[in-house]
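**Q** Need coordinates for the following:
(2 chains)
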Amino acid sequence: MTTEILMPALSPTMEEGTLARWLVKEGDTVSSGDIIAEIETDKATMEFEAVDEGTIGKILIAEGSEGVKVNTPIAVLLEEGESADDIDTDAPAPAPQASDDDSGDKSDSDAKADSAPAKPKTADAPRPDTSPDWPEGTETRKQTVREALNAAIAEEMRSDSTVFLMGEEVAEYEGAYKITQGLLDEFGAKRVIDTPITEHGFAGIGVGAAFGGLRPIVEFMTWNFAMQAIDQIINSAAKTLYMSGGQMGCPIVFRGPNGAAARVGAQHSQDYAAWYAQIPGLRVVQPYSASDAKGLLKSAIRDPNPVVFLENEILYGKSFEVPVLDDFTVPFGKARIWREGGDVTIVSFGIGMTYAMEAADKLAEDGIEAEVIDLRTLRPLDYDSVIASVMKTNRCVTVEEGWPVASIGNHISAVLMERAFDHLDAPVINCTGKDVPMPYAANLEKLALTSTDEVIEAVRAVTYR
Amino acid sequence: MATRKSARKPNVSADELKSYYRDMLLIRRFEEKAGQLYGMGLIGGFCHLYIGQEAVVVGLEASAEEGDKRITTYRDHGHMLACGMDPKGVMAELTGREGGYSRGKGGSMHMFSKEKHFYGGHGIVGANVPLGAGLAFADKYLENERVTYTYFGDGAANQGQVYETFNMAALWELPVIFVIENNQYAMGTSQKRSTSTPDIYTRGEAFGIPGEAVDGMDVLAVKEAGVKAVAHCRSGKGPYILEIKTYRYRGHSMSDPAKYRTREEVQKMREEKDAIEHVRDLLLSGKHATEEDLKAIDKEIKAIVNDAAEFSKDSPEPDPAELWTDIYADVAPQNA
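**A** Modelled structure (predicted):
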């Protein structure tokens, strides 16, 4: 049986090319790997190698031919014992390939039909889960966010021996922000590991350890430094489950303080909420209260997916009521309504909640009742709670410390337009950090962040009061 | 093979030699077929062929025990075949079909097999090096005496994270073999033009990691070095570096115009140093096999590769619903 040599595709985008030169002639024997022709693509002149061995029986396309379509037979190869007479000149055209235009178009449109974005839903108000985080009557105790995070790690390390903690200064120094106080004493150096200052490297080692069956908690001293490691977080941790067709999961928690602290300048003051919230495959958590810090961190450590857990240095010392329960967790994707109200919905998360709550208190003095929603997790995001609330209040203000462009608030605004457009009585306003690197000077830093006054002003604007 | 300086009377059985011949030939024929399917438009995107480097993975696999792990970069087809993954599943992943190892969602650069302890298939140069050390970290933590082969190229050897990893691997005595497959070209940049010192294996010295250079065109030399490295790692002495000097006959990827080296250079390597020819020569000259025996192996391999190619064409494209699966381990993804 003779073999047709087809015009090859020599780049991901090549559809046709020029057969610049034949390096063999009819009657030549070739073996696999021999260069038989030079082909010009849109990018370069490439050498074309024989795949099979045999004798060149007939050259079908002369050198110098331009616009030769990929998969056109360009020569015929004879195997041992065949002669040129065996060539069937009426050979049928090659069978259509997967890249053939027809089949390509068809499968394309099929895929489009199946993945069409959901049509705007404005009919029924969603019914979000508004159950309380802990049963009524449960004893609670005041605890700082710092203590709550520490307790969450310790409890999970006690119950699962594959959980370990690594990061800069987490062991002997007991944490740059003292989140890991006492953990080295209790769990030993095998499970509480000081790393060198090499975020890229140890984030990757953490991801590899998760592939290998452990549940690492990787602390970044702050999320600013995790930019050195962002490739491992996104390309290795978030995408591998998908790329492996579901074989290789990555149960890991990356955690540390995120956003502005106080007077530490541009490189140490950035909110990454919107950055990570964009990545499919990641869970993104940003707690405000101590009970959420504890309950969400415990959920994060148990989650089979990579979790980006964004804390805040200024909140570490704030105290909140935390339920006294043996095993208290908070599920992902369930917002918390901190305050009910009918005049406006204020949506926030993390430290943004301090502005939201303060603004709501002040507005109440003027008779404006705000409903304040803490998203708690940004991926998954509790759209239903936000939409149900806006259908009630018809107005929405979002609050975050991150930059304004492509912010979480922008996203919520877009979703509200799609799913609750007819319920909006005013444009949604996003209160965000200013579009500037963080300045050092105290007065400028204050201006660069959002503020309670800005939230109040925004609420007055959307309520026309 | 008269020109091969390292040639010596090998202390190796006929069966072992034959299995090396067979395994290397499978990789070469598979890759040639992949190149052909790429030319036909059945394989898309990037496709990095392993032709020329076969002795590296085949030699090292001969030093591995059940449960040892391997992780590599995007030039990964050879590693998968060498560790026993099914050629059909690999080829069907190349064609982006349901029957592929990642059900068509990974492609040439991203395949995995938990069963064969193959952890990918990674596309960012250097990024798989800390991942490999992390796998070794898990093994040490779990006290299961396994070793991880972490493969990367001479190009990746200039990435910063590689040295961050060397430091931690040595500090924590992780059972990881860093296998530098030095094929002399980082894409189109020769080692001379990209790398300040000629011997990459010596770069472990700064971290106290022993290393050695190995003739990567000699599968027996590779195996011998692998056995030594594995023994070092398994005995708890920490990491080991093998710089395996090899050569890639084909371009960096399918769309490589190969202007950075001469045709003569490639031809010389193929004619004088080819790893498969070397073993073929040993088999014939040592009277371990006849021409007929080898022809039978060739035929068997050809059939396996043709079956894989047929399977990869017949396997359907993934169901459109696959777009939305495997994003999270436990639940369906949330639609915004």
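
**Q** Test for you: state the pLDDT assigned to A:Ser115.
**A** Predicted confidence (pLDDT) for A:Ser115: 41.

**Q** cool, the one 3 residues further on as well?
**A** pLDDT for A:Ala118: 47.

**Q** can you check the one 4 residues further on too?
**A** As summarised for this prediction, A:Thr122 has a pLDDT of 50.

**Q** try A:Glu16
**A** At A:Glu16, pLDDT is 89.

**Q** Repeat that for the one 4 residues further on.
**A** In this model, A:Ala20 is scored at 91, pLDDT.

**Q** Please apply the same query to the one 4 residues further on.
**A** At A:Val24 the predicted local distance difference test score is 92.

**Q** Just the closest residue of the stretch 251-400 of chain A to chain B, please.
**A** Across the stretch 251-400 of chain A, no residue is closer to chain B than A:Pro304, which sits at 3.7 Å (C-beta to the nearest C-beta). Backbone N, C-alpha and C define where each C-beta goes, glycine included.

**Q** How about the residue in the stretch 1-150 of chain A positioned nearest to chain B: what's its closest non-neighbour residue?
**A** Nearest residue of the stretch 1-150 of chain A to chain B: A:Pro8, at 2.9 Å (C-beta to the nearest C-beta). Distance criterion C-beta to C-beta, 6 or more residues apart in numbering or on different chains; nearest residue to A:Pro8, sequence neighbours excluded, is B:Gly39 at 2.9 Å.

**Q** Centroid-nearest residue for chain B?
**A** With distances taken as C-alpha atoms, centre = their mean, B:His79 lies nearest the centre of chain B, 3.6 Å away.

**Q** Please report the distance of that residue from chain A.
**A** 15 Å (C-beta to the nearest C-beta, to the nearest Å).

**Q** which residues touch that residue?
**A** Applying C-beta atoms under 8 Å, 6 or more residues apart in numbering or on different chains, we find B:His79 in contact with B:57, B:70, B:72, B:118, B:151.

**Q** Go through these and name the one nearest chain A.
**A** Among the contacts of B:His79, and counting by C-beta to the nearest C-beta, the member closest to chain A is B:Phe118, at 9.9 Å.

**Q** need the contact list for the residue nearest to the residue of the stretch 251-400 of chain A closest to chain B when sequence neighbours are not counted.
**A** Setting aside the residues directly before and after it, A:Pro304 is nearest to B:Ala329 in space (C-beta to C-beta, 6+ apart), at 3.7 Å. Neighbouring residues of B:Ala329 by C-beta under 8 Å, 6+ apart: A:241, A:246, A:249, A:251, A:304-305.

**Q** do the same with B:Thr202
**A** Per C-beta under 8 Å, 6+ apart, neighbours of B:Thr202: B:Gly211.

**Q** Tell me the confidence at it?
**A** Confidence score, pLDDT, at B:Thr202: 97.

**Q** give me the element the residue nearest to the centre of chain B is part of.
**A** helix B:77-82 (DSSP states H and E).

**Q** Out of the contacts of B:His79, who's the most crowded?
**A** Within the contacts of B:His79, B:Val57 tops the neighbour count with 30 neighbours, counted by other C-beta atoms under 10 Å in any protein chain shown.

**Q** was I right about that residue contacting B:Gly84?
**A** No: between B:Val57 and B:Gly84 there is no contact under C-beta atoms under 8 Å: 11.4 Å.

**Q** how about the helices in the chain?
**A** Going with chain A. Remark: helices assigned in chain A by DSSP state H are A:101-115, A:145-159, A:183-187, A:199-211, A:230-231, A:240-243, A:273-277, A:290-302, A:352-365, A:383-393, A:408-420, A:442-448, A:452-463.

**Q** The intended chain is chain B.
**A** Going by DSSP H, chain B shows helices at B:14-39, B:54-61, B:77-82, B:87-94, B:128-141, B:160-171, B:191-194, B:219-234, B:263-273, B:275-285, B:291-314.
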